[in-house]
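K.L.:
pasting the sequence and the predicted model now:
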Amino acid sequence: MTRAAITDLQELSKERVVIIKPTDKTGGLAVLPFPAYDKAMRETLSETFVNDEGEEKPKYPSTSPAKLKEEFRAINKILKEGFDKGFFSEKDWEAARPEEPKAGRLYGLPKDHKPVCKQTGIPPLRCVVSCCGGNLEGLGKLVDYFLRPVDEAAQSFIQDTPHLLRMIERLNSQGPQPPGTRLYTMDVIAMYPSIPSSRAPAWVRRRCLQAGMDPGLVDWLVRAIELMLRSSTFEYDSELYTQTTGCSIGAPFACSYSGVAMAEVEEEGMMKWQNRGGVLRERKGLQWKQGDVAEVDSWGGRFRDDCLGLFRGRKLEFNGFVASYNSVDKDIKFTSEIDWEENKVIFLDLVISIDGEGYLQTDLHTKPNAKNTLLLPSSCHKPSVTRSSVFSLALRITRICSTPEAAQKRYEELAERLREREYSEAVITAGIDRAKAVARVEALKKVDKKEEEEGRQHRLVVEWDRRSSPALAGILETNYKEMVGRDQRLGKVFPKVPRPAFKRGKNVKEMLCRAKLPPVRRVNTRAGGEEARHGLTRCNRGLARRGCVACPFITSQPNEVVKSVKIHNTGQRIPVEGRMNCKTKGGFLYLLWSAKVPAVQYLGSSEQEPRRRLGGHKGDIENQRLNKAVAKHFHDTKSTVKDLVFVPFKRLRSNDRLILKHFENKAINEFNLIAAGVNRILA
């Protein structure tokens, strides 16, 4: 994407014509009409819920800055209490304390993998609250630190895809599944907002105590969670709201808190299923056959809000199994999927199936509308990063695909995607061949983090530059040796040679996407507003007797105010935007022509003062620099400097040459000044 296109999108976003957001799961950016986005977000803010007393209440009531300040004080108080009791260090306390009362920012991620809503004309939105720099960020991270081990200790916990693949391999090593075994998945509907604020903290307390945590720490954690659930204040369009039930998507503690609560729900749901006569089979039920009592295999697990397992029984019995889970809590509801024909499910990035022999097989799953966002070789990364990314992507296929046929098909698809991103055939072939040489058993092994060597490793963090960065490591080593050679004491401070750590610059997403809505641009409707003062005038010296050498070329009379300028080849009159004279600072667009041939005009831009740009054109004409478009036009039409008319017509609040050229090109095209004017080419 060009810088000009990015600038145009930023301008449209500021004007609230469109809004740009990352898509929820497909890796792209969505450009949405702002009115439709705003309508969808306000519909979410108007939602209600039924509390434990049976009363219907707003889920996101409006709140005031005073409440935000009250939450700020309460959060600082509980953080001070945790530090005083020794639950964390002074360094952690200082880092977690919010500096000032600040709300989160609400925004919506378009789910472009789902059908468009008829009411809004855009896909449904996943509402997220960004807590970066807000009241909840520090306390939420501390609570997450303590809750994460409890969450990961749950029997059903699935860490990631490699963890699940190792689970499948262990299950297959025990032998085939009996006929009638079905794969199923269950998904919690809107898990984070559905975790009941009135009951879930008690579940967390029980799980933490069962895990052997200190009762004093558990009490502090539960009170901190309850405080954060009451303090989920966020901002949308400069208005404050507070979430009154559930947990905000985007809160730092949301993942581990919801995971601990869901482990309690799972256990309760399984108990209800067993009370209904269902069976939980601890070992693979090879003796099970059609017509026996329905059973659920103990193998399986949960990743966030998605559950995976094995079921043996009829459709009616499976519906009863799901109903057992849905009866645990009135706010937490599950949807389910089970394929009675092909016996396969989609879970994470896997397609899992049971083959004819009863073994589980896996293949790579990609959403149909997923965007090809693989790293470009021309991006601001070290060449070794893009080369190694090919191997990493291919190794993922080796790990996931359980059959050679499936793996080969995915290798070919990967190669095609890499070609679309302009990778060379040599890099593609080398990376894929290297991944094929790795045995799947090796690819599935858990990678343990290497222990760091003794001594601190200092790093110089810089943005990658193809011209200078490759030599940076050698420069650092040379300077390090010279430094330590001059003063050996520095060798104790810097025990190792400093190494460069490269970072990338801003990408398109970071340039275009903001959690906070742009402010509404106020329109001045007063008669004496700024627009009434727009125009081109002479400077103070140009009004005096001695005069200004530039002003006579800009206005014909000392007191004249030029409000518009005519494009002669179209007859169109365009207004002068901004208050300008020959000494105005900042970038601007201008028109010039010869009074002898007014129908042929030249359009340009400049970051200099108008008088200096005018002086440049006068010098070109007087010195007959015929390689310049304006000087050649004046020479061909037998015009002189006295015939020059120079009219700045648009003031730009920027001196960036790229921005100025963007507006210049746009105006040249709009007024057709290459074919009918002096301009030779687009700037």
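P.N.:
Cool, got the structure. Numbers count the residues shown, from 1 in each chain.

K.L.:
for the rest of this, base every contact and every neighbour count on C-alpha atoms.
P.N.:
Fine.

K.L.:
so in this protein, where's the weakest helix or strand by average pLDDT?
P.N.:
strand 279-281 (a mean of 68; mean pLDDT, DSSP states H and E).

K.L.:
which outside residues touch the helix or strand hosting residue 396?
P.N.:
Counting by DSSP states H and E, the element that carries residue 396 is helix 383-400. Contacting residues not belonging to helix 383-400 are listed as 162, 165, 350, 362-364, 375-377, 407, 410-411, 414, 427-428, 430-432, 434-436, 438-440, 443-444 [C-alpha atoms under 8 Å, 6 or more residues apart in numbering].

K.L.:
okay, and which of those map to strands?
P.N.:
350, 362-364 (DSSP state E).

K.L.:
show me the contacts for residue 381.
P.N.:
464, 502-504.

K.L.:
buried subset of the residues you listed?
P.N.:
464, 502 (16 or more other C-alpha atoms under 10 Å).

K.L.:
what about the contacts of residue 381, which are in strands?
P.N.:
Going by DSSP E, the strands hold 502-503 from these.

K.L.:
which one of the contacts of residue 381 is nearest to residue 36?
P.N.:
When the contacts of residue 381 are compared for distance to residue 36 (C-alpha to C-alpha), residue 504 wins out at 33.8 Å.

K.L.:
related to what we said a few turns ago, which of the contacts of residue 381 has the weakest pLDDT?
P.N.:
Least confident by pLDDT among the contacts of residue 381: that is residue 464, with 71.

K.L.:
quick check: the closest residue to it other than its chain neighbours vs residue 387, distance?
P.N.:
Leaving aside its sequence neighbours, residue 464 sits nearest to residue 502 (C-alpha to C-alpha, 6 or more residues apart in numbering; 5.4 Å). When distance is defined by C-alpha to C-alpha, to the nearest Å, residue 502 is 16 Å away from residue 387.

K.L.:
likewise for residue 474?
P.N.:
22 Å.

K.L.:
residue 241 contacts residue 62, doesn't it?
P.N.:
Yes - here residue 241 reaches residue 62: they are 4.3 Å apart, a contact under C-alpha atoms under 8 Å.

K.L.:
more neighbours: those two, which one.
P.N.:
residue 241 (23 against 15; other C-alpha atoms under 10 Å).

K.L.:
quick one: secondary structure of residue 642?
P.N.:
helix (DSSP: H, G, I helix; E, B strand; the rest coil).

K.L.:
so what's it up against?
P.N.:
Contacts of residue 642 (C-alpha under 8 Å, 6+ apart): none.

K.L.:
I'd like the numbering to begin with 19 instead of 1 from here.
P.N.:
Happy to do that; since the first residue is 19 now, the last one works out to residue 660.

K.L.:
rewinding a little: neighbour count for residue 492 and residue 405, which is higher?
P.N.:
More crowded of residue 492 and residue 405, by other C-alpha under 10 Å: residue 405, with 17 against 13.

K.L.:
look at that one and report its pLDDT.
P.N.:
Value for residue 405, per-residue pLDDT: 89.

K.L.:
and it, how far from residue 250?
P.N.:
Residue 405 is 44 Å from residue 250, where distance means C-alpha to C-alpha.

K.L.:
how about the strands in the stretch 269-418 of the chain?
P.N.:
With strands called from DSSP state E, counting those that start in this stretch, the stretch 269-418 of the chain shows them at 297-299, 313-321, 324-330, 352-356, 362-365, 368-372, 378-382.

K.L.:
could I get the average pLDDT for the fifth one?
P.N.:
Looking back up the chat, that one is strand 362-365. Strand 362-365 comes out at a mean pLDDT of 94.
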